[in-house]
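K.L.:
Provided below are the primary sequence and the corresponding predicted coordinates.
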Amino acid sequence: MRTTGAGLTCMVLLAGCGEMNVKKYLPFANDTVQERPRMPANATEYQCAAGKRFFVRTLDGGAAVWLILPEREVRLDKLGSDAALRYGNGIAVLEINGNEATLKDGAATSFAGCKMPPGQ
């Protein structure tokens, strides 16, 4: 096998580099990953049991909310005129009591024990 002078010189130079940190010379080789904020604008987060969470954005001065789930988003209108915050669309019902919430989707409770994280 015949090796050219340039190829041999390149191999010698690379072998001599040893522990040279090449990453600092590459513009896209940053080890830190910057995550984008996951919370939608103007929304309140509720963290639930089993690591579940959802977001609620108030609409029309409290007459409705926009429920943001991992797999879908739906509008829920306020149910009744009492002081309790209950919103629904005929299938799902969201009950908010202070900083706690429960979401029932049909007969099953989809999200239970949900609370706003501290500082929100």
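P.N.:
In hand now; what should we look at?

K.L.:
for this protein, give me the ranges with low pLDDT.
P.N.:
1-38, 83, 120 (pLDDT under 70).

K.L.:
mind listing the strands for the protein?
P.N.:
Along the chain, the segments classed as strands by DSSP state E run 44-47, 53-59, 64-68, 73-78, 85-88, 92-97, 100-105, 108-115.

K.L.:
just put those in CSV and tack on mean neighbour count.
P.N.:
Every residue, glycine included, has its C-beta placed from N, CA and C. Formatted as CSV, the strands of the chain follow (neighbours: other Cβ atoms under 10 Å):
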stretch, mean neighbour count
strand 44-47, 19
strand 53-59, 18
strand 64-68, 19
strand 73-78, 16
strand 85-88, 18
strand 92-97, 17
strand 100-105, 18
strand 108-115, 15
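
K.L.:
so K115 versus I91, what's the distance?
P.N.:
Per Cβ to Cβ, to the nearest Å, K115 is found 24 Å from I91.
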